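Enquirer: I'll drop the sequence and a predicted model, then ask my questions.
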Amino acid sequence: MLKDRLTPKKVSFSRTEQVHVVHPSDLNGGGRLFGGALLQLIDEVAGIVAKRHAQCPNVTTAAIDNLNFKAGAYENDLLVIIGKVTYTGNTSMEVRVDTYVENIAGYRHPINRAYFVMVAMDDEDKPTKVPQLLIEGANQKGEWEAALLRKENRLQRRKEGF
């Protein structure tokens with residue numbers, strides 16, 4: 001069973017897309033989507049992607065990198081949140097999550113991008129191995145290489161006490 005779970009996976013295997021309507025309870029005092037509400041939504045998508053890739057019911061968020069808010073969202077906007085694995089280590093995965101606002105014609109414009117480091121956990125709450133990621137094409141290779149740089153930066157920040 002574990003061997004099957006650890007079979008290398010393509011990015012498409014765990015890619016996840018969710019749609020959310022912005023409700024009044026999602027808004028801050030200025031009438032825009034509250035950053036914390038968006039963070040909750042994208043963390044959930046990152047967790048789903050990680051569970052799918054690892055084929056493991058327990059994952060945890062270890063870090064969030066590059067949480068960039070590019071534009072706002074407002075009441076009744078359709079948020080499209082897309083997550084995919086960009087890198088795998090021994091027990092961790094990097095998940096890229098892009099958020100778009102989609103208009104009535106189906107046009108999407110980006111409002112947020114974030115990179116999550118997710119760790120697969122076993123039944124005893126200990127990190128457990130994850131499948132390797134099968135890289136297909138130049139875009140995925142570029143994502144992998146950029147993920148290595150982000151990992152190096154995280155390790156350096158940790159070493160410096162951040």
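Expert: Great, that's in hand.
Enquirer: Leu67 sits in which helix or strand?
Expert: Following DSSP states H and E, one finds Leu67 within strand 58-69.
Enquirer: Relative to the whole chain's centre, how far out is that strand?
Expert: Mean-position distance between strand 58-69 and its chain equals 7 Å (C-alpha atoms, centre = their mean, to the nearest Å).
Enquirer: buried residues in that strand?
Expert: 58-59, 63-65 (16 or more other C-beta atoms under 10 Å). From N, CA and C alone the C-beta is placed, and that goes for glycine too.
Enquirer: Not counting its own residues, what contacts that strand?
Expert: With contact meaning C-beta atoms under 8 Å, 6 or more residues apart in numbering, strand 58-69 is reached by 35, 38-39, 43, 46-47, 50-51, 92, 111-123, 125, 150, 153-154.
Enquirer: Just the buried residues out of those, in ChimeraX syntax.
Expert: In ChimeraX, this line selects whichever of the contacts of strand 58-69 come out buried by 16+ other C-beta under 10 Å:
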select :38,43,46,47,50,51,92,111,112,114,115,116,117,118,119,120,121,150,154
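Enquirer: Just the ones of the contacts of strand 58-69 in helices?
Expert: Judged by DSSP state H, helices contain the following of the contacts of strand 58-69: 35, 38-39, 43, 46-47, 50-51, 150, 153-154.
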